[in-house]
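Asker: sequence first, then the predicted structure, then my questions.
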Amino acid sequence: MLSVDRIMQKLDEHLSRNDYLSAERHLDYWLGEARLQGDDRAILFICNELIGLHRKLSHREQSLSFCQKALSQVEAMNIAENIGAATTYLNAATAYKAFGKAKEGIPLFERALAIYRRELPPTDLRFGGLYNNMGLALCDLKEFEQAKACYQKALENTTANGSKPEEAVTHLNLATAAEQEWGLEKGEGEIAKRIALAWALLNDESLPWDGNYAFVCEKCAPTFRYYGYFLYANQLEERAKRIYEGS
């Protein structure tokens, strides 16, 4: 059996340097090894990581292909109602949303949520991520009330956990939802409010400047820039760069 922990440790090293090419090569190599050894657990883990990596790199066909491989692997392992399956459902649903297939992703979000509710305490931070991603998909489908309900649940979860970067992400999602529902002019007040809240959270002095913080900074910067907060966006990108470079 392969050591998933060792695979993940090396993957994290590549991602902490923003070295996506090395991360892809690393995962492709170990996927081949996992298949040779018939290690179902490692195959599922690596397929899930490749869904996310190719999504981040905007590799549509590759990401969607690994969605199907991971979902098939869940069925083959007979773990469709386990917490590991919920991770796969969430990853696949998020990829579907990213590539214009939000409607297909909703049932997968719902399957993941049902498992989380059964297997996890309500304070588990994974709920925050699920609700945020499900909210994005619902906004694509113009189901704004349902989306805002998801974002509110995400805020409750991240606030309870003291997860300020993830809380900031939710506020930016709410800013985008306001524009999608009302337009820039009518949504201006709500957008400004959410931008200010997100910026304050990302500047909290208690936050460690680690890989997760760099990832969130990089993720949030385009939203700040889109709404005209160029200085904020530049600062976040500079922080992410310094973290990835190890300075």
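Answerer: Sure thing, it's come through. Since this is a predicted model, take the numbers as computed values, not measurements.
Asker: residue 148 contacts residue 174, correct?
Answerer: Yes: here residue 148 reaches residue 174: they are 7.2 Å apart, a contact under Cβ atoms under 8 Å. Using the backbone N, CA and C atoms, a C-beta is placed for each residue, glycine as well.
Asker: residues in contact with the helix or strand bottoming out on mean pLDDT in the chain?
Answerer: The helix or strand of the chain with the poorest confidence is helix 4-16; it has a mean of 91 (mean pLDDT, DSSP states H and E). Outside helix 4-16, the residues that touch it by Cβ atoms under 8 Å, 6 or more residues apart in numbering are 20, 22-23, 26-27, 30, 41-42, 45-46, 49, 211, 214, 243-244.
Asker: same check on stretch 191-204?
Answerer: Here stretch 191-204 makes contact (Cβ under 8 Å, 6+ apart) with 164-165, 167-169, 171-172, 174-175, 178-179, 184, 216-217, 220, 224, 227, 229, 232, 236.
Asker: any idea of the mean pLDDT in that stretch?
Answerer: Average pLDDT, stretch 191-204: 98.
Asker: list the buried residues in that stretch.
Answerer: For stretch 191-204, a neighbour-count test (16 or more other Cβ atoms under 10 Å) marks 191, 194, 195, 197, 198, 199, 201, 202 as buried.
Asker: tabulate those residues (a markdown table), appending secondary structure and distance to residue 3.
Answerer: Converted to a markdown table, those look like this (DSSP: H, G, I helix; E, B strand; the rest coil; distance: Cβ to Cβ, whole Å):
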| residue | secondary structure | distance to residue 3 |
| --- | --- | --- |
| 191 | helix | 46 |
| 194 | helix | 42 |
| 195 | helix | 43 |
| 197 | helix | 41 |
| 198 | helix | 38 |
| 199 | helix | 41 |
| 201 | helix | 36 |
| 202 | helix | 35 |
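Asker: quick one: the residues you listed as a markdown table, columns for distance to residue 134 too.
Answerer: Putting the buried residues of stretch 191-204 into a markdown table (distance: Cβ to Cβ, whole Å) gives the following:
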| residue | distance to residue 134 |
| --- | --- |
| 191 | 21 |
| 194 | 18 |
| 195 | 22 |
| 197 | 21 |
| 198 | 19 |
| 199 | 25 |
| 201 | 21 |
| 202 | 23 |
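Asker: quick one: terminal-to-terminal distance for stretch 75-92?
Answerer: In stretch 75-92, first residue to last residue: 14 Å (Cα to Cα, to the nearest Å).
Asker: residue ranges with poor pLDDT in this protein?
Answerer: By pLDDT under 70, the weakly predicted segments of the chain are 247.
Asker: can you tell me how far residue 5 sits from residue 51?
Answerer: According to Cβ to Cβ, to the nearest Å, residue 5 stands 20 Å off from residue 51.
Asker: cool, residue 152 as well?
Answerer: Residue 152 sits 27 Å away from residue 51, going by Cβ to Cβ.
Asker: look at the two and report which has more neighbours.
Answerer: Taking neighbours as other Cβ atoms under 10 Å, residue 152 and residue 51 compare with residue 51 leading, 27 against 14.
Asker: show me what contacts the more buried one?
Answerer: Contacts of residue 51 (Cβ under 8 Å, 6+ apart): 63, 66, 67, 70, 91, 92, 95.
Asker: give me the element it is part of.
Answerer: If you go by DSSP states H and E, residue 51 is part of helix 40-56.
Asker: compute the inter-axis angle for that helix and helix 4-16.
Answerer: With axes from the mean of the first three to the mean of the last three Cα atoms, to 10 degrees defining the directions, helix 40-56 sits at 10 degrees from helix 4-16.
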